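Asker: Sequence below, structure please.
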Amino acid sequence: MKRRDFAMGVGAAIAAGPLLAPAAARADIAWTAAPGRDVSVWDKAWARAASGADPALGQTDALVIVQDGTLVYERYGADSGPGVRHISWSMAKSITHALVGIAVGDGLIDIDAPLKLRHAGDPSLTMRHLLTLTDGLAWDEGDYDPAKSDATRMLYGEGRFDGAAYVAAKPQAYPPGTHWRYSTGSFHFAAAELQAHLFPTAVTPEARRRTMADWIQRRLFDPLGMTSAIAEFDAAGTFVGGSLVYATARDFARFGEMYRNNGGWDGKQVIPPGWQVFGRRPSQMQPAYGAGWWLETKPGNGEPSLMRGEGPMETFSAQGHNGQVIAVVLSKRAVVVRLGLMDDGEAAWTALSGWLAPVVNAL
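Answerer: Below you'll find the model as predicted:
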């Protein structure tokens, strides 16, 4: 298979919304808001979030809105600000998607080839299966209960010394490509697989961490001007690609803006131009998920989507535990970043949906 045919395969024939042409990529975001803009809807939303009037929303630490490459709104909570780093949680999955795309563009990995790393699953497992969460490995993400959740055990329990080994030991519960299941482990293993292709001779934890951290910085963070971004690694030197990147709200907005521009930045392609499209194509098993990115769906059609069908349907988003969001809204030529701390249950995400949809629709 040609390495640029990554948009083919499972779900490729399912529309992911209109393939809207991106605006011209720019060198940086203009961080001075345009004068005369009516921000009353956003002010009202921010006041509601900051006041605690809706306990389900929890604590909102940052709201950054960029449209046409220009900052149009920015607010921070009392303990935050433009220079404060925030944890990505599962927004890191979208960053891992970008990193794999860079390697694909370099011809260093074929996402449809069997995995290079040893594992207890089906020998036909591929990077595509990991990125689309259709690998079928036995996994219980759960509610992050330390005694029950595989994700918590991998990050903070017995798997903390080598997260990839924890995932590799999981048996095959479903044939690859036949079942969708949310799994932080899939993206941790995808990061390990990526490192195995990029740096096969880096075998010590320190060498693995150093080579991968330098590559992430050089190929993704530096080109986008994400000067605050830090990628976290486990004790084995594997990038924690399912959950741990730290950056400011502005830098998370830069990442979203690169995806809005179909992978372009400052006149150059950071990721292959078709890689963004691959990220937002749903599988037949899960209409609300592509590859590392969540998609909008009407209520009752797959997992509940970010705006529950009340916002632009071509929106795709990076989402993280406790309500971290980077929403890329193609029809509005915009990126919306919300960072904070809320419960991770359905009631909280429903409240966030009801709060965020008007913010996006006001663009």
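Asker: make it CA atoms for all contacts and neighbour counts henceforth
Answerer: OK.
Asker: The residue positioned nearest the centre of the chain in helix, strand or coil?
Answerer: Centre of the chain computed as the mean C-alpha position; nearest residue by C-alpha atoms, centre = their mean is Ser94, 2.4 Å away. Following DSSP: H, G, I helix; E, B strand; the rest coil, the label given to Ser94 is helix.
Asker: now Trp349
Answerer: Secondary structure assignment for Trp349 (three-state DSSP): helix.
Asker: quick one: contacts for it?
Answerer: Trp349 makes contacts with Leu57, Leu306, Gly323, as judged by C-alpha atoms under 8 Å, 6 or more residues apart in numbering.
Asker: make it 10 Å
Answerer: Ala56, Leu57, Pro304, Ser305, Leu306, Met307, Arg308, Asn322, Gly323, Met342, Asp343, Trp355 (C-alpha atoms under 10 Å, 6 or more residues apart in numbering).
Asker: distance of it from Val337?
Answerer: To Val337, Trp349 is 15 Å away according to C-alpha to C-alpha, to the nearest Å.
Asker: which residues of this protein fall in helices?
Answerer: Secondary structure of the chain (DSSP state H): helices at 40-51, 92-105, 127-131, 150-156, 163-168, 184-198, 205-216, 222-224, 249-260, 275-279, 346-361.
Asker: Turn those into TSV, columns for distance to Gly142 and mean pLDDT.
Answerer: Formatted as TSV, those follow (distance: least, C-alpha to C-alpha, whole Å; pLDDT from 0 to 100):
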stretch	distance to Gly142	mean pLDDT
helix 40-51	28	95
helix 92-105	17	98
helix 127-131	18	98
helix 150-156	8	97
helix 163-168	15	98
helix 184-198	11	98
helix 205-216	29	98
helix 222-224	34	98
helix 249-260	27	98
helix 275-279	24	98
helix 346-361	13	97
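Asker: Would you tell me which one of those helices is buried the most?
Answerer: With neighbours defined as mean count of other C-alpha atoms under 10 Å, the helices of the chain peak in mean count at helix 249-260, which reaches a mean of 27.
Asker: Would you mind getting the angle between it and helix 92-105?
Answerer: Between helix 249-260 and helix 92-105, the angle comes out at 50 degrees (axes from the mean of the first three to the mean of the last three C-alpha atoms, to 10 degrees).
Asker: okay, now the closest residue to the residue nearest to the centre of the chain other than its chain neighbours: neighbour count?
Answerer: Spatially, and ignoring its direct neighbours in sequence, Ser94 is nearest to Gly292 (4.6 Å; C-alpha to C-alpha, 6 or more residues apart in numbering). For Gly292, the count of nearby residues is 27 (other C-alpha atoms under 10 Å).
Asker: in terms of contact, does Gly292 touch Gly242 like I think?
Answerer: Yes: taking C-alpha atoms under 10 Å as the definition, Gly292 is a contact partner of Gly242 at 9.3 Å.
Asker: got any residues that touch both of those two?
Answerer: With contacts taken as C-alpha under 10 Å, 6+ apart, Gly292 and Gly242 have Ser90, Met91, Ala92, Lys93, Ser94, Ile95, Thr96, His97, Phe187 as neighbours in common.
Asker: Which one of those is nearest to Gln276?
Answerer: Distances from Gln276 to the shared contacts of Gly292 and Gly242, taken as C-alpha to C-alpha, are shortest for His97 (9.1 Å).
Asker: contacting residues for the closest residue in space to that closest one that isn't next to it in sequence?
Answerer: Once flanking residues are discounted, His97 sits nearest to Gly292: 5.6 Å by C-alpha to C-alpha, 6+ apart. With contacts defined as C-alpha under 10 Å, 6+ apart, the neighbours of Gly292 are 90-98, 130-133, 187, 242, 278-280, 317-319.
Asker: again, but for Glu346
Answerer: Applying C-alpha under 10 Å, 6+ apart, we find Glu346 in contact with Ala56, Pro304, Leu352.
Asker: quick one: which of the helices of the chain is nearest Gly177?
Answerer: helix 127-131 (6.2 Å).
Asker: Distance from that closest one to the middle of the chain?
Answerer: The chain centre lies 14 Å from the centre of helix 127-131; the measure is C-alpha atoms, centre = their mean, to the nearest Å.
Asker: do you know how far Gln217 is from Leu99?
Answerer: Where Leu99 is concerned, Gln217 sits at a distance of 11 Å (C-alpha to C-alpha).
Asker: again with Ser305
Answerer: In this view, Ser305 and Leu99 are 24 Å apart by C-alpha to C-alpha.
Asker: what's the answer for Asp343, then?
Answerer: Using C-alpha to C-alpha, Asp343 is found at 29 Å from Leu99.
Asker: how close does the residue of the chain most remote from its centre get to Val72?
Answerer: Centroid-distance maximum for the chain: Gly36 at 33.0 Å, with C-alpha atoms, centre = their mean. Between Gly36 and Val72 the distance, using C-alpha to C-alpha, works out to 10 Å.
Asker: repeat for Ala229
Answerer: The spacing between Ala229 and Val72, counted by C-alpha to C-alpha, is 22 Å.
Asker: Then Asp234?
Answerer: From Asp234 across to Val72, the span is 37 Å (C-alpha to C-alpha).
Asker: Repeat that for Thr297.
Answerer: 27 Å.
Asker: Looking at the two, which one has more neighbours?
Answerer: In terms of neighbours (other C-alpha under 10 Å), Thr297 is the more surrounded of Thr297 and Val72; the figures are 24 against 21.
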